[in-house]
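Student: I would like the atomic coordinates for the input below:
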Amino acid sequence: MVMELETPVRTLLEKLGISLYDIDLSGGTLHVTVTREGGIDLEALTSASRALSAWLDETDPIPGHYTLDVASPGLERQLRTPEHFRGAVGETVTLRERRGAEPTRRLEGELVGADEETATLRVDGEDVVVRLEGVERARTVFAWGPAPTTSTSKKG
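Tutor: Here you go, the predicted structure:
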């Protein structure tokens with residue numbers, strides 16, 4: 001169902017200068033996550049919400065009752081697709097990986113590479129390759145507070 005919505009929703013949003021980041025239908029809510037170069041603001045979210053709402057009312061592609069939720073990805077974005085992972089290269093990522101009979105593995109590190117099938121995290125100086133099909137949940141991590149500073153003054 002969601003895959004059928006992706007192309008028309010993406011096309012509609014592009015006409016507004018907005019990009020579709022993710023779309024998901026769960027728990028009676030159609031979650032549409034949008035981005036825009038330079039950042040997304042309230043005006044853009046409102047425009048996207050109104051346009052999508054009108055299109056959904058007109059085409060009625062989803063049977064039954066549901067709620068439309070249009071939002072930005074936020075500071076800590078969920079990573080679900082290969083495109084999401086590729087877009088997050090260079091950022092700190094945390095993920096949970098299912099590994100068959102082995103215990104679930106939790107990793108956090110810099111995402112140093114991603115392709116259609118794998119993501120590579122640098123964890124404690126070591127590169128760890130994770131198959132995307134085994135990722136249970138992943139998101140970027142926002143570091144709160146000021147960046148660490150280095151002092152060049154000498155005490156003497």
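Student: Would you mind confirming that residue 65 makes contact with residue 28?
Tutor: Yes. The pair residue 65 / residue 28 is scored as a contact, 6.9 Å apart, by C-beta atoms under 8 Å. For glycine as for every other residue, the C-beta is placed from the backbone atoms N, C-alpha and C.
Student: between these two, which one's more packed in?
Tutor: Neighbour comparison, residue 65 and residue 28: the larger count goes to residue 28, with 9 against 6 (by other C-beta atoms under 10 Å).
Student: Which strands or helices does the lengthiest helix in the chain pack on?
Tutor: For the chain, the helix reaching the highest residue count under DSSP state H is reported as helix 42-59. Helix 42-59 is packed against helix 2-14, strand 29-35, strand 67-71, with contacts defined by 3 or more C-beta pairs under 8 Å, 6 or more residues apart in numbering; DSSP states H and E.
Student: got a markdown table for the ones you listed, with mean pLDDT, mean neighbour count and distance to residue 95 too?
Tutor: Compiled in a markdown table, the helices and strands packed on helix 42-59 are given as follows (pLDDT from 0 to 100; neighbours: other C-beta atoms under 10 Å; distance: least, C-beta to C-beta, whole Å):
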| stretch | mean pLDDT | mean neighbour count | distance to residue 95 |
| --- | --- | --- | --- |
| helix 2-14 | 91 | 14 | 22 |
| strand 29-35 | 95 | 19 | 18 |
| strand 67-71 | 96 | 15 | 21 |
